[in-house]
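> Predicted model follows, preceded by the sequence.
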Amino acid sequence: MTTMKNLIIITAISFMVIACSDHENHTKHAVTNVVLNDGFKWEANEDTTIGIKNMKAIVDNYLNTNNNSHEHLKQQLQEEFAMIFKKCTMKGEAHNQLHNFLLPLKNQIGNINSTTTHQKLETMAKYLSEYDKYFK
């Protein structure tokens, strides 16, 4: 199980590095907020949108049932996050804005542990809901 988890994390990081091979650009976008496309939503690929909705459902389900461990929740979210990177076909500024959205999410997922409160998970669920404000 640990090997699979490590493989997923390595795969996600690899895709991030490949997709963002320009270090200066990646650093710039790591510290900025998501912005609209001149007041309009960015065009996102379907797999990315599905992945975000799946992560929102995973968090909502956990909050509503609390039957799974934090470790299982984190694993599910990491797997879905890795799939977003694997299937991402976005380019240009839309892709950059997606990174602006995903990087804080990556940190939130990485910080899930046995002491993570429902309030933090509710904050994550709210953040995932904000995807629809910026992407269509």
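Done, it's in. Numbers count the residues shown, from 1 in each chain.

> Now residue 135, what are its backbone angles?
Residue 135 adopts backbone torsions of phi -130, psi 150, taken as degrees, to the nearest 10.

> That one against residue 42, yeah?
Yes. Using C-beta atoms under 8 Å, residue 135 is in contact with residue 42, at 5.1 Å. From N, CA and C alone the C-beta is placed, and that goes for glycine too.

> Overlap of the contact sets of the two?
94, 97-98 (C-beta atoms under 8 Å, 6 or more residues apart in numbering).

> What about those, which are in strands?
Taking DSSP state E, every one of the shared contacts of residue 135 and residue 42 sits outside strands.

> Let's see which of the residues you listed end up in helices.
Among the shared contacts of residue 135 and residue 42, DSSP state H puts 94, 97-98 in helices.

> now the helices for this protein?
Counting by DSSP H, the chain has helices at residues 2-19, 23-30, 46-65, 70-87, 92-110, 118-129, 131-134.

> how about these in TSV, adding mean neighbour count?
Putting the helices of the chain into TSV (neighbours: other C-beta atoms under 10 Å) gives the following:
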stretch	mean neighbour count
helix 2-19	13
helix 23-30	12
helix 46-65	17
helix 70-87	18
helix 92-110	17
helix 118-129	15
helix 131-134	17
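
> Figure out which of the ones you listed is closest to residue 36.
helix 131-134 (6.3 Å; C-beta to C-beta).

> Okay, now the unreliable bits of the protein?
The model of the chain has pLDDT under 70 over residues 1-32, 66-68.

> Tell me who's in contact with residue 121.
The contact partners of residue 121, by C-beta under 8 Å, 6+ apart, come to 59, 62-63, 73, 112.

> Residue 133 too?
With contact set as C-beta under 8 Å, 6+ apart, residue 133 has these partners: residue 41.
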